[in-house]
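Student: can't give you the sequence, but here's the structure:
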């Protein structure tokens, strides 16, 4: 079963709800692996395990944490090269979207933004996204 990388959305180790949702979705696609950037892993470890993270990759270096997006995209690209994940899930935040765009360029992949769910379908991955519909009737 392939790993599914999940970039942990946290503040000093306090894991945000988006991460638990992404880990839950990742478990339907493969083996959830958390990517924790920054300090506070001890505070987050139990939550990550409770939501299915079977592995945690940790990066707590000022070379990465002192910058907003470029080094994190580089870390994810390096992990993609090493583990060939089935997917990489990132929070749908301004920062998450910029990291996703940079990562996609680095690994020659596509990006689906604002997905609300993912499923394994016919050997691939299908994402669902919200639809806005205006009608006059």
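Tutor: Cool, got the structure. Computed from a predicted structure; not experimentally measured. Residues are numbered from 1 along each chain as shown.
Student: excluding chain neighbours, what is closest to residue 120?
Tutor: Nearest-residue entry for residue 120: residue 29, 5.3 Å, with adjacent residues in sequence omitted and distances by CB to CB, 6 or more residues apart in numbering. To be clear about C-beta, it is placed using only N, CA and C from the backbone, and glycine gets the same treatment.
Student: hmm, which helix or strand of this protein has the shakiest average pLDDT?
Tutor: helix 62-65 (a mean of 87; mean pLDDT, DSSP states H and E).
Student: run the chain-centre distance for the next helix or strand after that one.
Tutor: Per DSSP states H and E, the first helix or strand lying C-terminal to helix 62-65 is helix 70-83. Here helix 70-83 is found 12 Å from its chain centre; the criterion is CA atoms, centre = their mean, to the nearest Å.
Student: how about helix 70-83: buried residues?
Tutor: Neighbour-count burial for helix 70-83, counted by 16 or more other CB atoms under 10 Å, picks out 71, 72, 73, 74, 75, 76, 77, 79, 80.
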